[in-house]
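Asker: how would this look folded up:
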Amino acid sequence: MKKIISGISALAMVMAIAPMSAFADTTIKQTDTLPKTADSSVEFSVDPTFTVTIPAKVTLADNGEGIYTNSGTLKAEDVKLAEGKEIVVSLTSASKFNMQTSATAEYKLPYTAEGAFGKLTDKEAGGIVAKFATSTTVQNTPVTFTTDETPKYAGTYTDPVVFTIEVGDITTTAGE
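Answerer: The predicted model follows:
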């Protein structure tokens, strides 16, 4: 019990000597010597807001040479972020950017994704395909998907990809 009381007493002594700021209303009376000044603060908060639209599906088409390609558009609207921040959009594929006609198909058709900073060369990790800054105008960035070879077999090739949206510090990305 003595240790608890000693601890509380020590805490009280530290709090008594620690500098503290107290903000209170300042009242100036008619009996005060004038002119007299008083400080005040004016403030408000603006929460970050944005809308990023990701294409639901991108359907590739034959470019006439047996390679299939097409683009989808990432769209950012009404972007208002804290100063020094930006929206970063990354793209990954669990299959490491290989399409298949079914989950059991042995043949995998490799393809490449290309965003605002060039082709994603690390197919295992994916990479950044777009960045969006604070802006009241609509911002569009195409993401292009292209097969790396002519498909060997007929069928409908698919691969689910994941777009990750994050807000981070403004940085320079290779290709900017």
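Asker: from now on I want contacts and neighbour counts done on CA atoms only, so please keep to that.
Answerer: Fine.
Asker: and T164, bridged to which residues?
Answerer: For T164, the beta-bridge partners are S90 (DSSP bridges).
Asker: with F145 instead?
Answerer: Beta-bridge partners, per DSSP bridges, of F145: N70, A113.
Asker: separation between it and I170?
Answerer: 26 Å (CA to CA, to the nearest Å).
Asker: settle it for me: which of those two has more neighbours?
Answerer: It is F145, of F145 and I170, that has more neighbours when counted by other CA atoms under 10 Å, with 21 against 15.
Asker: strands of this protein, start to end?
Answerer: 49-53, 61-62, 68-80, 85-93, 98-99, 109-115, 118-119, 127-132, 139-147, 161-169 (DSSP state E).
Asker: highest mean neighbour count out of those?
Answerer: Highest mean neighbour count among those (mean count of other CA atoms under 10 Å): strand 127-132, with a mean of 23.
Asker: and it, what does it pack against?
Answerer: Judged by 3 or more CA pairs under 8 Å, 6 or more residues apart in numbering; DSSP states H and E, strand 127-132 is in contact with strand 68-80, strand 85-93, strand 109-115, strand 139-147.
Asker: so for A133, which of those strands sits nearest?
Answerer: strand 85-93 (4.9 Å; CA to CA).
Asker: quick one: contacts of that closest one?
Answerer: Here strand 85-93 makes contact (CA atoms under 8 Å, 6 or more residues apart in numbering) with 123-134, 159-170.
Asker: what is the mean pLDDT for it?
Answerer: For strand 85-93, the mean pLDDT works out to 97.
Asker: again with stretch 69-82
Answerer: So the average pLDDT for stretch 69-82 ends up being 98.
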